[in-house]
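In: quick one: sequence plus predicted model below, questions after.
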Amino acid sequence: MINLYTWPTPNGRKISILLEELEISYNVIPININKNEQFSKEFSLISPSNKIPAIFDQEAKKNIFESGAIMLYLADKFKKFLPIKYHWQVIEWFMFQQTQVGPLLGQTHQFLFYNPGKSKFAEEKYKNYAKRIYQTLDLQLKKNEYLGFKYSIADIATWPWVARFERQRIDLEKYPNVLRWYKLIADRPAVIKGYNVVGTFEKIPLT
Ligand SMILES: N[C@@H](CCC(=O)N[C@@H](CS)C(=O)NCC(=O)O)C(=O)O
């Protein structure tokens, strides 16, 4: 059994969606980051950076923090969503998510959605970064059904960030291949279930 420490954010949803796709049972432990619960002493022992998501694998008696590490751990443990044949293609797009999609779109939310009007420079910078990310994804998805050719941890990691396109002021109609991929994944039963495992119910955009 896996304990999942999470909150309804793109990084948290990556793990709940992967656990649903893996069809394994897990316990959800809500860590309300709006109430600073991530800074509790108890949670620091599981996530030393005081961020969600984190897991505790009861069977292996192992804590893991950082969403990327958790996804690689689960893909390796259950031998799913990181196919041998497309290993490096998946890793490339998985790393693109870890290093660009997550961090830069996270900042885009900060400046364009939560704090508009505070810094013209930052708004311009992240608006352009967001467009560049969507252009990169669109080109890859024009050539391939999924980011790493087969549905994989690269798609599962990226999709919850794209689901926040409204906060990024992105018009998905301008990225038709991303839109096709987004809708395809949004229809998956595991994605629908994994999207809402904690907090108040949120409708998946465009569904
Ligand atoms: N690189 C980390 C980022 C995790 C992260 O930024 N988590 C956010 C929610 S999406 C969080 O816990 N924020 C609370 C805080 O920073 O105090 C990962 O991929 O797991």
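Out: Nice, I can see it. Residues are numbered from 1 along each chain as shown.

In: could you chop the chain up by domain?
Out: 2-81, 87-188 (automatic domain parsing).

In: Pro205 is nearest to which of those domains?
Out: domain 87-188 (5.8 Å; Cβ to Cβ). Quick note: C-beta positions are derived from backbone N, CA and C, even for glycine.

In: turn the domains of the chain into JSON lines, columns for distance to the ligand.
Out: Below are these laid out as JSON lines (distance: least, Cβ to the nearest ligand atom, whole Å):
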{"stretch": "domain 2-81", "distance to the ligand": "3"}
{"stretch": "domain 87-188", "distance to the ligand": "6"}
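
In: tabulate these (TSV), appending mean neighbour count.
Out: Shown next, in TSV, are the domains of the chain (neighbours: other Cβ atoms under 10 Å):
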stretch	mean neighbour count
domain 2-81	18
domain 87-188	18
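
In: reformat these as JSON lines; add mean pLDDT.
Out: Shown next, in JSON lines, are those (pLDDT from 0 to 100):
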{"stretch": "domain 2-81", "mean pLDDT": "98"}
{"stretch": "domain 87-188", "mean pLDDT": "98"}
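
In: in TSV: these, plus distance to Gly199.
Out: Listed next are the domains of the chain as TSV, based on distance: least, Cβ to Cβ, whole Å:
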stretch	distance to Gly199
domain 2-81	4
domain 87-188	14
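
In: now do the strands in the protein.
Out: When assigned using DSSP state E, the strands of the chain occupy the ranges 2-6, 26-30, 54-57, 62-65.

In: quick one: closest of these to Tyr175.
Out: Smallest distance to Tyr175 across the strands of the chain (Cβ to Cβ): 28.1 Å, for strand 2-6.

In: before we move on, back to that, out of the domains of the chain, which comes closest to Asn196?
Out: Closest among the domains of the chain, using Cβ to Cβ: domain 2-81, at 7.2 Å.

In: export the strands of the chain to TSV and tack on distance to Ile170?
Out: Output for those, formatted as TSV (distance: least, Cβ to Cβ, whole Å):
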stretch	distance to Ile170
strand 2-6	25
strand 26-30	29
strand 54-57	29
strand 62-65	29
